[in-house]
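Asker: predicted model and sequence below, questions to follow.
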Amino acid sequence: MPDILPALSLVAVPARRRLTLDLAKEAERRGFSGIFVPSIFGNMAQCTALALSTTRVMLGTAIAPIYARTVEDFAHGAAYIHEISGGRFRFGIGVAHAPSHIRMGVAPGRPLGDIRAFVARLRSYEGIGALPPIILAALRTRMVALAGEIADGLIYANASLSHTTSSLSVLPAARRADPDFLVANMIPTCVSDDVDAARAVCRRALTRYTMLPNYRNYWKEAGYVDEMSAIELAVADGRQSDIPSLMSDRWLADATLFGPAAMVRDGVAAWREAGVSTPVLVPSSASGNQLKAFEEVFAAFA
(Lines give C-alpha, C1' and ligand atoms only; values in the text may rest on other atoms or scores of the structure.)
Protein backbone atom coordinates (compact mmCIF):
# COMPACT_ATOMS: atom_id res chain seq x y z
CA MET A 1 0.00 0.00 0.00
CA PRO A 2 1.38 3.48 -0.84
CA ASP A 3 2.80 5.59 1.97
CA ILE A 4 0.90 8.63 0.68
CA LEU A 5 -2.82 8.01 0.35
CA PRO A 6 -4.74 9.42 -2.62
CA ALA A 7 -7.10 12.35 -2.38
CA LEU A 8 -10.88 11.95 -2.48
CA SER A 9 -13.75 13.66 -4.28
CA LEU A 10 -16.58 14.53 -1.92
CA VAL A 11 -19.99 15.96 -2.83
CA ALA A 12 -22.28 17.56 -0.24
CA VAL A 13 -25.55 15.94 -1.26
CA PRO A 14 -28.63 17.87 -0.05
CA ALA A 15 -29.94 16.61 3.30
CA ARG A 16 -26.54 14.99 3.99
CA ARG A 17 -24.36 18.09 4.10
CA ARG A 18 -23.44 17.81 7.78
CA LEU A 19 -22.71 14.14 7.30
CA THR A 20 -20.36 15.12 4.48
CA LEU A 21 -18.32 17.11 6.99
CA ASP A 22 -18.05 14.00 9.16
CA LEU A 23 -16.78 12.04 6.15
CA ALA A 24 -14.17 14.74 5.56
CA LYS A 25 -13.00 14.56 9.16
CA GLU A 26 -12.69 10.79 8.90
CA ALA A 27 -10.76 11.07 5.63
CA GLU A 28 -8.39 13.50 7.30
CA ARG A 29 -7.98 11.23 10.33
CA ARG A 30 -7.11 8.32 8.06
CA GLY A 31 -4.49 10.36 6.24
CA PHE A 32 -6.00 10.87 2.80
CA SER A 33 -4.02 13.56 1.03
CA GLY A 34 -6.81 15.87 -0.08
CA ILE A 35 -10.52 16.51 -0.55
CA PHE A 36 -11.65 17.91 -3.89
CA VAL A 37 -15.18 19.16 -4.43
CA PRO A 38 -16.91 19.08 -7.86
CA SER A 39 -18.98 22.05 -8.98
CA ILE A 40 -22.33 20.52 -8.09
CA PHE A 41 -24.25 21.78 -5.01
CA GLY A 42 -22.08 24.83 -4.31
CA ASN A 43 -18.47 23.76 -3.96
CA MET A 44 -17.16 27.13 -2.75
CA ALA A 45 -19.60 26.95 0.16
CA GLN A 46 -18.62 23.36 0.84
CA CYS A 47 -14.93 24.25 0.85
CA THR A 48 -15.63 27.00 3.38
CA ALA A 49 -17.31 24.48 5.67
CA LEU A 50 -14.51 21.97 5.13
CA ALA A 51 -11.92 24.61 5.99
CA LEU A 52 -13.62 25.12 9.34
CA SER A 53 -14.23 21.41 10.00
CA THR A 54 -10.74 20.06 9.27
CA THR A 55 -7.26 21.14 10.28
CA ARG A 56 -4.64 19.46 8.07
CA VAL A 57 -5.99 18.04 4.83
CA MET A 58 -5.64 19.86 1.50
CA LEU A 59 -8.93 21.19 0.08
CA GLY A 60 -9.82 22.17 -3.44
CA THR A 61 -12.53 22.94 -5.97
CA ALA A 62 -12.57 20.57 -8.92
CA ILE A 63 -13.73 22.73 -10.44
CA ALA A 64 -15.27 26.19 -10.04
CA PRO A 65 -16.60 27.17 -13.50
CA ILE A 66 -15.23 30.63 -14.25
CA TYR A 67 -18.53 31.87 -15.71
CA ALA A 68 -20.59 31.06 -12.61
CA ARG A 69 -19.74 34.27 -10.70
CA THR A 70 -18.04 37.58 -11.26
CA VAL A 71 -14.26 37.41 -11.08
CA GLU A 72 -14.30 39.81 -8.14
CA ASP A 73 -16.66 37.60 -6.17
CA PHE A 74 -14.49 34.56 -6.87
CA ALA A 75 -11.40 36.50 -5.77
CA HIS A 76 -12.95 37.47 -2.43
CA GLY A 77 -14.30 33.98 -1.84
CA ALA A 78 -11.04 32.25 -2.73
CA ALA A 79 -8.99 34.60 -0.54
CA TYR A 80 -11.40 34.00 2.36
CA ILE A 81 -11.17 30.20 2.15
CA HIS A 82 -7.40 30.41 1.71
CA GLU A 83 -7.04 32.43 4.90
CA ILE A 84 -9.39 30.47 7.16
CA SER A 85 -7.97 27.14 5.97
CA GLY A 86 -4.45 28.16 6.86
CA GLY A 87 -3.27 27.92 3.27
CA ARG A 88 -4.73 24.46 2.57
CA PHE A 89 -7.10 25.58 -0.22
CA ARG A 90 -6.45 25.02 -3.93
CA PHE A 91 -8.66 27.07 -6.24
CA GLY A 92 -9.41 24.74 -9.14
CA ILE A 93 -11.00 26.58 -12.06
CA GLY A 94 -12.15 25.67 -15.55
CA VAL A 95 -14.45 26.59 -18.40
CA ALA A 96 -16.76 23.56 -17.85
CA HIS A 97 -18.87 22.26 -20.75
CA ALA A 98 -21.76 23.23 -22.98
CA PRO A 99 -24.60 21.91 -20.74
CA SER A 100 -23.22 23.98 -17.85
CA HIS A 101 -23.01 27.07 -20.05
CA ILE A 102 -26.65 26.66 -21.04
CA ARG A 103 -27.67 26.20 -17.41
CA MET A 104 -25.71 29.31 -16.36
CA GLY A 105 -27.01 31.33 -19.30
CA VAL A 106 -23.55 32.35 -20.53
CA ALA A 107 -21.88 32.54 -23.92
CA PRO A 108 -18.24 31.53 -23.41
CA GLY A 109 -15.40 32.63 -25.61
CA ARG A 110 -12.28 30.65 -26.44
CA PRO A 111 -11.26 28.48 -23.46
CA LEU A 112 -7.56 29.37 -23.41
CA GLY A 113 -8.19 33.09 -23.77
CA ASP A 114 -10.99 33.13 -21.21
CA ILE A 115 -8.90 31.26 -18.63
CA ARG A 116 -5.88 33.50 -19.20
CA ALA A 117 -8.02 36.63 -18.79
CA PHE A 118 -9.76 35.25 -15.70
CA VAL A 119 -6.49 34.44 -13.94
CA ALA A 120 -4.99 37.84 -14.76
CA ARG A 121 -8.03 39.69 -13.45
CA LEU A 122 -8.30 37.47 -10.37
CA ARG A 123 -4.75 38.39 -9.42
CA SER A 124 -5.32 42.10 -10.04
CA TYR A 125 -7.46 42.74 -6.95
CA GLU A 126 -5.73 44.37 -4.01
CA GLY A 127 -6.58 44.58 -0.34
CA ILE A 128 -8.43 41.25 -0.19
CA GLY A 129 -5.66 39.13 1.32
CA ALA A 130 -3.53 36.46 -0.29
CA LEU A 131 -4.99 34.24 -2.98
CA PRO A 132 -4.69 30.45 -2.92
CA PRO A 133 -2.74 28.48 -5.53
CA ILE A 134 -4.69 28.45 -8.81
CA ILE A 135 -5.20 25.07 -10.47
CA LEU A 136 -6.42 24.76 -14.05
CA ALA A 137 -8.81 22.05 -15.20
CA ALA A 138 -7.08 20.52 -18.18
CA LEU A 139 -7.87 17.92 -20.78
CA ARG A 140 -5.96 18.57 -24.00
CA THR A 141 -2.31 19.53 -24.14
CA ARG A 142 -2.79 23.22 -24.88
CA MET A 143 -4.53 23.73 -21.52
CA VAL A 144 -1.86 21.64 -19.81
CA ALA A 145 0.77 23.93 -21.31
CA LEU A 146 -1.15 27.01 -20.18
CA ALA A 147 -1.26 25.64 -16.64
CA GLY A 148 2.51 25.37 -16.73
CA GLU A 149 2.71 28.99 -17.84
CA ILE A 150 0.24 30.83 -15.57
CA ALA A 151 -0.99 28.50 -12.81
CA ASP A 152 0.17 26.56 -9.77
CA GLY A 153 -1.00 23.19 -11.00
CA LEU A 154 -3.52 21.34 -13.11
CA ILE A 155 -6.27 18.83 -12.55
CA TYR A 156 -7.54 16.38 -15.10
CA ALA A 157 -10.85 14.57 -14.84
CA ASN A 158 -11.34 11.13 -16.40
CA ALA A 159 -7.93 11.24 -18.06
CA SER A 160 -6.45 8.24 -19.86
CA LEU A 161 -3.53 6.71 -18.00
CA SER A 162 -1.75 5.65 -21.20
CA HIS A 163 -1.76 9.25 -22.50
CA THR A 164 -0.77 11.06 -19.31
CA THR A 165 3.01 10.94 -19.61
CA SER A 166 2.77 12.34 -23.14
CA SER A 167 0.26 14.97 -22.04
CA LEU A 168 2.46 16.15 -19.18
CA SER A 169 5.52 16.35 -21.43
CA VAL A 170 4.37 19.79 -22.62
CA LEU A 171 5.03 21.22 -19.15
CA PRO A 172 8.36 22.98 -18.62
CA ALA A 173 10.90 20.74 -16.93
CA ALA A 174 11.00 23.04 -13.91
CA ARG A 175 7.26 22.65 -13.43
CA ARG A 176 7.43 18.87 -13.72
CA ALA A 177 10.16 18.81 -11.08
CA ASP A 178 8.46 21.26 -8.71
CA PRO A 179 6.81 19.39 -5.80
CA ASP A 180 4.56 22.39 -5.19
CA PHE A 181 3.11 22.24 -8.72
CA LEU A 182 -0.02 20.13 -8.30
CA VAL A 183 -0.81 17.47 -10.90
CA ALA A 184 -4.10 15.79 -10.05
CA ASN A 185 -6.68 13.62 -11.78
CA MET A 186 -10.26 12.86 -10.80
CA ILE A 187 -10.60 9.08 -11.30
CA PRO A 188 -13.97 7.29 -11.18
CA THR A 189 -13.41 4.46 -8.69
CA CYS A 190 -15.41 1.45 -7.55
CA VAL A 191 -13.94 -0.97 -5.01
CA SER A 192 -15.57 -4.41 -5.23
CA ASP A 193 -14.51 -8.04 -5.42
CA ASP A 194 -17.12 -8.36 -8.18
CA VAL A 195 -15.05 -6.99 -11.04
CA ASP A 196 -17.88 -7.09 -13.58
CA ALA A 197 -20.20 -5.14 -11.26
CA ALA A 198 -17.50 -2.59 -10.50
CA ARG A 199 -16.74 -2.17 -14.20
CA ALA A 200 -20.44 -1.58 -14.90
CA VAL A 201 -20.56 1.13 -12.23
CA CYS A 202 -17.62 2.96 -13.82
CA ARG A 203 -19.15 2.57 -17.28
CA ARG A 204 -22.34 4.26 -16.05
CA ALA A 205 -20.31 7.00 -14.39
CA LEU A 206 -18.53 7.87 -17.64
CA THR A 207 -21.43 7.53 -20.06
CA ARG A 208 -22.55 11.14 -19.72
CA TYR A 209 -19.02 12.41 -20.30
CA THR A 210 -18.83 10.62 -23.65
CA MET A 211 -21.67 12.85 -24.84
CA LEU A 212 -19.54 15.98 -24.34
CA PRO A 213 -17.50 17.03 -27.42
CA ASN A 214 -14.57 18.32 -25.36
CA TYR A 215 -14.14 14.94 -23.72
CA ARG A 216 -14.49 13.04 -26.97
CA ASN A 217 -11.80 15.25 -28.52
CA TYR A 218 -9.54 14.55 -25.56
CA TRP A 219 -10.04 10.79 -25.80
CA LYS A 220 -9.33 10.96 -29.52
CA GLU A 221 -6.07 12.73 -28.65
CA ALA A 222 -5.42 9.87 -26.21
CA GLY A 223 -5.74 7.32 -29.03
CA TYR A 224 -9.37 6.21 -28.77
CA VAL A 225 -10.48 7.50 -32.16
CA ASP A 226 -12.60 4.49 -33.13
CA GLU A 227 -14.59 4.48 -29.87
CA MET A 228 -15.21 8.21 -29.89
CA SER A 229 -16.13 8.34 -33.57
CA ALA A 230 -18.69 5.58 -33.05
CA ILE A 231 -20.11 7.40 -30.04
CA GLU A 232 -20.31 10.64 -32.03
CA LEU A 233 -22.43 8.89 -34.65
CA ALA A 234 -24.68 7.44 -31.95
CA VAL A 235 -25.18 10.88 -30.39
CA ALA A 236 -25.89 12.46 -33.78
CA ASP A 237 -28.43 9.73 -34.58
CA GLY A 238 -30.13 9.99 -31.18
CA ARG A 239 -28.99 6.49 -30.20
CA GLN A 240 -27.81 7.35 -26.68
CA SER A 241 -28.86 3.91 -25.45
CA ASP A 242 -26.13 2.41 -27.67
CA ILE A 243 -23.32 4.40 -26.03
CA PRO A 244 -22.42 1.96 -23.21
CA SER A 245 -21.85 -0.83 -25.73
CA LEU A 246 -19.47 1.43 -27.68
CA MET A 247 -17.30 2.16 -24.62
CA SER A 248 -14.58 -0.47 -24.95
CA ASP A 249 -13.26 -2.27 -21.88
CA ARG A 250 -9.73 -1.16 -22.83
CA TRP A 251 -10.74 2.49 -22.86
CA LEU A 252 -12.69 2.14 -19.60
CA ALA A 253 -9.79 0.49 -17.77
CA ASP A 254 -7.51 3.30 -18.96
CA ALA A 255 -9.71 6.02 -17.39
CA THR A 256 -11.14 4.43 -14.23
CA LEU A 257 -10.22 2.23 -11.26
CA PHE A 258 -12.39 -0.74 -10.41
CA GLY A 259 -12.15 -4.14 -8.77
CA PRO A 260 -10.74 -5.53 -5.52
CA ALA A 261 -8.87 -3.27 -3.11
CA ALA A 262 -5.42 -4.44 -4.18
CA MET A 263 -6.26 -3.77 -7.82
CA VAL A 264 -7.37 -0.22 -7.00
CA ARG A 265 -4.25 0.41 -4.90
CA ASP A 266 -2.07 -0.80 -7.77
CA GLY A 267 -3.95 1.55 -10.06
CA VAL A 268 -3.21 4.51 -7.82
CA ALA A 269 0.49 3.60 -7.94
CA ALA A 270 0.33 3.45 -11.74
CA TRP A 271 -1.15 6.94 -11.93
CA ARG A 272 1.64 8.27 -9.73
CA GLU A 273 4.21 6.54 -11.93
CA ALA A 274 2.68 8.34 -14.94
CA GLY A 275 3.26 11.72 -13.28
CA VAL A 276 0.01 12.40 -11.43
CA SER A 277 1.21 13.44 -7.98
CA THR A 278 -2.31 13.55 -6.54
CA PRO A 279 -4.73 10.90 -7.78
CA VAL A 280 -8.25 11.90 -6.68
CA LEU A 281 -10.59 8.96 -6.26
CA VAL A 282 -14.23 9.65 -7.15
CA PRO A 283 -15.92 6.83 -5.22
CA SER A 284 -18.99 4.97 -6.37
CA SER A 285 -20.32 1.70 -5.04
CA ALA A 286 -21.73 -1.42 -6.66
CA SER A 287 -23.92 -1.96 -3.60
CA GLY A 288 -24.89 1.44 -2.19
CA ASN A 289 -24.65 5.22 -2.24
CA GLN A 290 -21.77 7.66 -1.66
CA LEU A 291 -21.59 6.71 2.02
CA LYS A 292 -21.12 3.04 1.11
CA ALA A 293 -18.55 3.98 -1.51
CA PHE A 294 -16.52 5.86 1.10
CA GLU A 295 -16.70 2.89 3.46
CA GLU A 296 -15.25 0.71 0.70
CA VAL A 297 -12.47 3.17 -0.12
CA PHE A 298 -11.61 3.64 3.55
CA ALA A 299 -11.35 -0.13 3.95
CA ALA A 300 -9.21 -0.47 0.82
CA PHE A 301 -6.64 1.94 2.21
CA ALA A 302 -6.86 1.01 5.90
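Answerer: Sure, I can see it.
Asker: how about the helices in the stretch 101-250 of the chain?
Answerer: 111-122, 141-150, 161-168, 173-177, 195-210, 213-221, 225-236, 243-246, 249-255 (DSSP state H, counting those that start in this stretch).
Asker: list the contacts of the third one.
Answerer: Identification of contacts with helix 161-168 by CB atoms under 8 Å, 6 or more residues apart in numbering yields 141, 144, 156, 159, 176, 183, 185, 221-223, 254-255, 270-271, 274-276. (C-beta placed from N, C-alpha, C; glycine too.)
Asker: count the neighbours of E273 for me.
Answerer: Other residues lying near E273 total 11 when counted by other CB atoms under 10 Å.
Asker: from D266, how far out is it?
Answerer: Computed with CB to CB, to the nearest Å, the distance linking E273 and D266 is 10 Å.
Asker: got it, and G60?
Answerer: 25 Å.
Asker: between the two, tell me which one has more neighbours.
Answerer: Comparing G60 with D266 by neighbour count (other CB under 10 Å), the higher total belongs to G60, at 30 against 14.
Asker: phi first, then psi, for the more buried one.
Answerer: In terms of degrees, to the nearest 10, the main-chain angles of G60 are phi -160, psi 150.
Asker: wait, doesn't it sit right on R90?
Answerer: Yes. In this structure, G60 is within contact of R90 by CB atoms under 8 Å, at 3.6 Å.
Asker: what is in contact with the two at once?
Answerer: Here G60 and R90 share the contacting residues 34, 135, scored by CB under 8 Å, 6+ apart.
Asker: now the helices of the stretch 101-250 of the chain as CSV including distance to H97 and mean pLDDT?
Answerer: Shown next, in CSV, are the helices of the stretch 101-250 of the chain (distance: least, CB to CB, whole Å; pLDDT from 0 to 100):
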stretch, distance to H97, mean pLDDT
helix 111-122, 10, 97
helix 141-150, 13, 97
helix 161-168, 19, 98
helix 173-177, 26, 94
helix 195-210, 9, 97
helix 213-221, 6, 96
helix 225-236, 14, 97
helix 243-246, 16, 96
helix 249-255, 17, 98
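Asker: what's the local residue count around the closest residue to I150 other than its chain neighbours?
Answerer: Excluding the flanking residues, the one nearest I150 by CB to CB, 6 or more residues apart in numbering is V119, at 5.4 Å. Around V119 sit 22 other residues, with neighbours defined as other CB under 10 Å.
Asker: of the contacts of helix 161-168, buried ones?
Answerer: 141, 144, 156, 159, 183, 185, 221-223, 254-255, 271, 274-276 (16 or more other CB atoms under 10 Å).
Asker: among those residues, which two are most distant?
Answerer: Farthest-apart pair in the buried ones among the contacts of helix 161-168 is V183 and G223; separation 20.3 Å (CB to CB).
Asker: centre-most residue in the chain?
Answerer: What sits nearest the mean C-alpha location of the chain, by CA atoms, centre = their mean, is M186, with 3.5 Å.
Asker: D178 versus that one, what's the distance?
Answerer: When distance is defined by CB to CB, M186 is 21 Å away from D178.
Asker: still on that earlier bit, could you dump the helices of the stretch 101-250 of the chain into TSV and include distance to V280?
Answerer: Shown next, in TSV, are the helices of the stretch 101-250 of the chain (distance: least, CB to CB, whole Å):
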stretch	distance to V280
helix 111-122	20
helix 141-150	16
helix 161-168	14
helix 173-177	19
helix 195-210	14
helix 213-221	17
helix 225-236	24
helix 243-246	24
helix 249-255	13
